[in-house]
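A.B. asks: Structure for this input, please:
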Amino acid sequence: MKRGRLPLTALRSFEAAGRLGSFTLAAEELLVSQAAVSRQVKELEAELGKPLFERRHRSVRLTTAGQALIEVLSRAFNAMDASLSEIRGRRGGGVLEISAEPSFAACWLVPNLDDFHSDHPEIDVVVDSDMRLIEFRTHEPEIAIRHSTDATAWPRAQAEHLADVEMVPVVMPCLAEDGPPLNTPADLLAYTLLHEENRSSWQRWFAAAGLPEAPPGRAQIFTEGNLVLQAALRGHGVALVDRSFAAEDIAAGRLVQPFDVSIRYGAYWLVARDFKRLSPEARAFREWLLRRIVVPDGG
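C.D. replies: Model prediction:
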């Protein structure tokens, strides 16, 4: 096919849908309707004479032909985006945009950001606190901080290990002093337990403490780790949180860690399209972060 006849709009719609695994998400990214994406993909399939997706009730899956095409297209679009970004320059003017998961942004990055500003007052940092996985394309953050319980790599990106996550129990001193005595881990069952997402982490912690059959007890469940920490700071119960998130509050006496038992819960990673092609601002932040992020001893 001659270059002048390449169906670029349809190819862009297909690449977004295949990369995101959804016509709806592709439409949101491209700022068009879901029907427009679907129509463009159907027209591309008709022109090629082969299906590119297996269409299911609530999802789409690439066919063999679709997988082969998207690998080529994603590399091409990424290369074009990188070239345009270099020519245009990113935000410029000493501005760095970072994507960070909400819990990390609220509990670690914001409390420590003044230290980075002290070292680099010429760089303005924009924190994009979002759970979404970014593609590092134009108008998106240049680097991201991600947590995963098992993943060590992300598609079309490079990743560097930052820190393992250790979960420890914490509680307000006054709650521990006024409530039932905390002599053994089993005594925590007399308190309201604060959970992130579900009860599985607390169940793992009790198993590590020698109580594999611990009953569930009273509970409050939150969607984010930073909400769990805030609930603990307001005396709602005993939280199981990332040790590094609670370190400042423990040091200040706002929280206490009643038992030294901890459990591992994945790790945090620094992710970028290509670490060798980072802007000077992003390189400075990367160097500071790798030097600054230290998990407190213990556990």
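A.B. asks: So which elements touch the longest helix seen in the chain?
C.D. replies: Assignment by DSSP state H gives helix 64-88 as the longest helix of the chain. Helices and strands touching helix 64-88, by 3 or more Cβ pairs under 8 Å, 6 or more residues apart in numbering; DSSP states H and E, are helix 8-20. Where you see a C-beta, it was placed from the backbone N, CA and C, and this is true even at glycine.
A.B. asks: at 10 Å what do you get?
C.D. replies: Under the contact criterion of 3 or more Cβ pairs under 10 Å, 6 or more residues apart in numbering; DSSP states H and E, helix 64-88 touches helix 8-20, helix 34-48, strand 53-55, strand 60-62.
A.B. asks: what's in contact with it?
C.D. replies: If you take Cβ atoms under 10 Å, 6 or more residues apart in numbering as the criterion, helix 64-88 is touched by 11-12, 14-19, 41, 44-45, 48-54, 60-63, 135-140, 142, 155-157, 273-274, 277, 279.
A.B. asks: So which of the helices and strands packed on helix 64-88 is the most surrounded?
C.D. replies: helix 8-20 (a mean of 20; mean count of other Cβ atoms under 10 Å).
A.B. asks: Past that helix, which element shows up next along the chain?
C.D. replies: Following helix 8-20 in sequence order, the next helix or strand is helix 23-30 (DSSP states H and E).
A.B. asks: What mean pLDDT does that next one get?
C.D. replies: For helix 23-30, the mean per-residue pLDDT is 84.
A.B. asks: sorry, back to before: dump the helices and strands packed on helix 64-88 into JSON lines; add mean pLDDT and distance to N112 as well.
C.D. replies: Formatted as JSON lines, the helices and strands packed on helix 64-88 follow (pLDDT from 0 to 100; distance: least, Cβ to Cβ, whole Å):
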{"stretch": "helix 8-20", "mean pLDDT": "88", "distance to N112": "32"}
{"stretch": "helix 34-48", "mean pLDDT": "91", "distance to N112": "41"}
{"stretch": "strand 53-55", "mean pLDDT": "90", "distance to N112": "44"}
{"stretch": "strand 60-62", "mean pLDDT": "89", "distance to N112": "41"}
